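>>> compute the structure for the input listed below.
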Amino acid sequence: MGSIVTAAFLHHVAAFVIVGVLTAELVLLGGELTQTSARSLLRVDAAYGIAAAVLLIVGAGVWAFWLDPDRSCVEKHEHTVSAPAAAE
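Numbering: from 1, shown residues only. Reported below is the predicted structural model:
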């Protein structure tokens, strides 16, 4: 149980890091591109690549090891709905 919680936590943290990194890139590209801002942009791009890799690897791990392939998430919550009775 603990490993799936840890994997889900890492997956969500990576997604939020990607949002933060993309925001930082937007701010860095908003001004004039100098050599200093280009170096900062290089570091931000590296962080983006690492976060994207973590997001994909952990997400694939959750899909491969913890989800039941014989039963979809939709089927777990599917309820039978009966048709309404015809009014006579």
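>>> report the secondary structure state of Leu33.
coil (DSSP: H, G, I helix; E, B strand; the rest coil).
>>> which residues does the spatially most central residue of the chain contact?
By Cα atoms, centre = their mean, the chain has its centre lying nearest to Ala15, at 4.3 Å. Residues in contact with Ala15 (Cβ atoms under 8 Å, 6 or more residues apart in numbering) are Leu55. For the C-beta atoms, the positions are set from N, CA and C on the backbone; glycine is no exception.
>>> now Thr34: how far from Ala24?
16 Å (Cβ to Cβ, to the nearest Å).
>>> so between those two, which is more surrounded?
It is Ala24, of Thr34 and Ala24, that has more neighbours when counted by other Cβ atoms under 10 Å, with 17 against 9.
>>> let me know the pLDDT of Ser72.
Note for Ser72: predicted pLDDT of 52.
>>> got it, and the one 10 residues further on?
As summarised for this prediction, Ser82 has a pLDDT of 61.
>>> can you check the one 3 residues further on too?
According to the prediction, Ala85 has pLDDT 65.
>>> any low-confidence regions in this structure?
1, 67-88 (pLDDT under 70).
>>> in this protein, which spans are helices?
Here the chain has its helices, by DSSP state H, at 2-30, 35-65, 73-76.
>>> list the buried residues of the second one.
For helix 35-65, a neighbour-count test (16 or more other Cβ atoms under 10 Å) marks Ser37, Val44, Ala47, Tyr48, Ala51, Val54, Leu55, Val58, Gly59, Val62 as buried.
>>> ok, Ala47 to Ala60 distance?
20 Å.
>>> for His11, same thing?
10 Å.
>>> list the residues that contact the residue lying closest to Ile18 once chain neighbours are set aside.
If the residues on either side of it in the chain are set aside, Ile18 comes closest to Ala51, at 4.9 Å by Cβ to Cβ, 6 or more residues apart in numbering. Listed by Cβ under 8 Å, 6+ apart, the contact partners of Ala51 are Ala14, Val17, Ile18, Val21.
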